[in-house]
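# kindly generate the corresponding structure for this input.
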Amino acid sequence: MAEIVIKDVAKSFGAFTALHSIDLTIADQEFMVLLGASGCGKTTLLRIIAGLETPSQGEVWIGGHRVDRLPPRERGIAMVFQNYAVFPHLTVFENIAFGLRMKKVPQPEIDRRVSRTAELMHIEQLLKRYSGQLSGGQRQRVAVARALTMEPDVILMDEPLSNLDALLRLEMRAELKGVLAASKTTTIYVTHDQVEAMSLADRISVMNGGRIVQAATPVEVYRNPAARFVGSFIGNPPMNFIPAMKVGEGKWQVAGLTLDGPKADQDRLEFAIRPEDVTVTPGGLKATARVVEPLGAHTLVTCDVNGAPFRAVLESDLRVAPGDDLSLAPKSDRVRWFDPETTMAV
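Reported below is the predicted structural model:
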């Protein structure tokens, strides 16, 4: 069992607080993604779990054992870095076997483990090559194979695909998900790429300003953001936000349109809808198309709604030109509401 429990972990660098009282539980064999913009604290949290940073406060538990006072080698973890750290003077075989040799594992066992993980990563034909003879994607596979060969309880990955081109990232995402599921290893994966997070994760922890804003499944994070930040950060294009004013119990005026909404004490809220969750239907929000971007199966239309930009993803066979007036009706079950003071969902 390799459940990870992070209890009240904080980290300060002088006067700067990088992490504020983080509480997070990651289930055995779960694939957890830490997602956020640069500087949000995700890599700092990963390094604390790895033992490369010491928390200013709090505890880290792995498999029922407290590990925040243990050196990295005693935590039962392996790590894959952004730059792969593949040794250029060693063959692929020796790179994968490096950690096993450090632990003085017998040669027959080294041969067995290296052969198994090389086959799993589809690099068995590369075992005699040196890293200079490998592509970026092949070096990435070697780095992952080296980590898996150690048969760790936990594998930590710090933006491991960021140096690959778009097509190779797509290929490696699918491969990683299958390999790590087969290895039955608990995985924590750091990225700023929301597409990576949505496609790989069992759960996503969205981070902002050293805090976890929401930890949930990819569908939950996308459909029911717990805070305005999550709605604006997840999704491309992001959610639309329009000020809403209460005009009655459970009635809200949004850009001149009266909509049913929450029965809240506040007089003002923010109405939010994703661009793909509107249809061109009479009786909707009055919009004027400003920019039209054909995207193949769909068309992205940036509109003006009550003086503010509003994006709509429409069917490509719908003819829209800049300057056209549109009526955009939100799908009622996809509308979300946020408190403008706390920025949290209502």
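
# would you map the strands across the stretch 1-150 of the chain?
Secondary structure of the stretch 1-150 of the chain by DSSP state E, counting those that start in this stretch: the strands cover 4-13, 16-26, 31-35, 57-62, 65-66, 77-80.

# the stretch 201-346 of the chain now?
With DSSP E, counting those that start in this stretch as the criterion, the stretch 201-346 of the chain has strands spanning 203-208, 211-216, 240-248, 251-254, 257-260, 268-273, 278-294, 298-305, 308-315, 325-330, 336-338.

# now for T217: which residues touch it?
By C-beta atoms under 8 Å, 6 or more residues apart in numbering, T217 lies in contact with 201-204. Any C-beta I mention is one placed from the backbone N, CA and C, and that applies to glycine too.

# okay, now V320: neighbour count?
Residues within reach of V320, counting by other C-beta atoms under 10 Å, total 17.

# surely it touches L314?
Yes. With contact defined as C-beta atoms under 8 Å, V320 reaches L314; the gap is 6.6 Å.

# between the two, which contacts overlap?
With C-beta under 8 Å, 6+ apart as the test, V320 and L314 both reach 299, 301.

# spatially central residue for the chain, please.
A197 (3.1 Å; C-alpha atoms, centre = their mean).

# how about that one, secondary structure?
Here A197 is helix, with the state taken from DSSP: H, G, I helix; E, B strand; the rest coil.

# could you check the pLDDT of it?
On the pLDDT scale, A197 is placed at 93.

# same question for H89.
H89 is assigned a pLDDT of 89 by the prediction.

# that older thread, lowest-confidence stretch among the strands of the stretch 1-150 of the chain?
strand 77-80 (a mean of 89).

# for that strand, name the packing helices and strands.
helix 42-50, helix 136-149, strand 154-158 (3 or more C-beta pairs under 8 Å, 6 or more residues apart in numbering; DSSP states H and E).

# nearest to D325 among these would be which one?
D325 lies closest, by C-beta to C-beta, to one member of these: helix 42-50, at 43.4 Å.

# quick one on the thing from earlier: the residue nearest to the centre of the chain and A297, how far apart?
23 Å (C-beta to C-beta, to the nearest Å).

# mean neighbour count, the strands of the stretch 1-150 of the chain: which tops it?
strand 31-35 (a mean of 25; mean count of other C-beta atoms under 10 Å).

# CA atoms only: put that strand into PDB for me.
Once non-C-alpha atoms are left out, strand 31-35 reads as follows in PDB (Å, rounded to 0.1, in the frame of the first residue of the first chain):
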ATOM      1  CA  PHE A  31      -2.500   9.000 -10.500                       C
ATOM      2  CA  MET A  32      -2.600  12.500  -9.000                       C
ATOM      3  CA  VAL A  33      -1.700  15.600 -11.100                       C
ATOM      4  CA  LEU A  34      -0.600  18.800  -9.400                       C
ATOM      5  CA  LEU A  35      -1.700  21.500 -11.900                       C
END
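
# re the thing from before, quick one: which of the helices and strands packed on strand 77-80 is nearest R290?
Comparing those under C-beta to C-beta, the one sitting nearest is helix 42-50, at 35.2 Å.

# which helix of the protein spans the most residues?
Determined from DSSP state H, the single longest helix within the chain is helix 166-183.

# and the protein, what are its domain boundaries?
Domains of the chain are assigned by automatic domain parsing as 4-233, 243-338.

# circling back: let me know which of the strands of the stretch 201-346 of the chain is tucked in deepest.
strand 203-208 (a mean of 24).

# where in the protein is pLDDT low?
Along the chain, the parts satisfying pLDDT under 70 run over 1.

# and stretch 90-105, what's buried?
By neighbour count on 16 or more other C-beta atoms under 10 Å, the buried set for stretch 90-105 is 91-100, 105.

# okay if I get those as CSV plus distance to A143?
CSV is the format used below for these (distance: C-beta to C-beta, whole Å):
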residue, distance to A143
T91, 14
V92, 11
F93, 14
E94, 14
N95, 8
I96, 9
A97, 13
F98, 11
G99, 12
L100, 15
V105, 19
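
# for those, which one is nearest L167?
V92 (22.6 Å).
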